[in-house]
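Visitor: Need the 3D shape of this:
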Amino acid sequence: MAEQKKIAFLVDTEGIEQVELTDPWQHVEKAGALPRLLAPKLGQVQGFDHLTPADTFSVDVPFAHADPMDYDGVVIPGGVANADILRLDRDAVQFVKQHVAAGKPVASICHGPWLLVEADVVRGKKLTSFPSLATDIRNAGGEWEDSEVCVSGGGGWTLVTSRKPDDLPAFNREALKAFGLQGL
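Guide: Numbers count the residues shown, from 1 in each chain. All right, here's what the predicted structure looks like:
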């Protein structure tokens, strides 16, 4: 029997757009993989429904102790505060750089691509995001487009991106494909 795939979900301690964490998480679980929550420190992280606090979630592994080689894929949920703070975390940035350098897939939604910009991995990639990131993505060498989901291969790794919670069905479908998981 093949070893169960592990998918890392990268978040900060608060400001996470909850549905962009929980919906892909549930799809990863249903596809038979093991989702793991990575954050700056152990403890709880705070989900939000836009600007309203929602549920809390337990962190499985702090970034400083996470080995990118242990994971078959990465999901980066959005949330303005989550993504803005996350991109300043050196361990999170390094994790993404090493994961991408190993040729492993990444799926990022809404403001999540800010972490990819900071990790300098969008150069030559076509991607989408929340529209306010378009200039940042272009300035980092990416090609931004306004679409429900964008899948960009090339450069030795696959990137799946979407704009907002309404795009989650397409995002989940393409992320599971990129992770080599069977969708439901």
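
Visitor: what about the strands in the protein?
Guide: In the chain, the segments counted as strands under DSSP state E are 6-10, 14-17, 34-39, 44-49, 52-58, 61-62, 73-76, 106-109, 126-127, 143-144, 149-152, 159-162.

Visitor: Adjacent strands (with direction) for the first one?
Guide: Strand pairing for strand 6-10, using DSSP bridges, gives strand 34-39 (parallel), strand 73-76 (parallel).

Visitor: could I get these as JSON lines with distance to residue 162?
Guide: For the C-beta atoms, the positions are set from N, CA and C on the backbone; glycine is no exception. Listed next are these as JSON lines, based on distance: least, CB to CB, whole Å:
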{"stretch": "strand 34-39", "distance to residue 162": "18"}
{"stretch": "strand 73-76", "distance to residue 162": "11"}
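
Visitor: Where does the prediction get shaky in the protein?
Guide: Low-confidence segments of the chain (pLDDT under 70): 1-2, 183-184.

Visitor: Repeat the analysis, applying 80 as the threshold.
Guide: 1-2, 182-184 (pLDDT under 80).

Visitor: could you pull out the helices for it?
Guide: 18-30, 80-86, 90-101, 113-118, 134-139, 168-178 (DSSP state H).

Visitor: Between those, which one is closest to residue 12.
Guide: helix 80-86 (4.4 Å; CB to CB).
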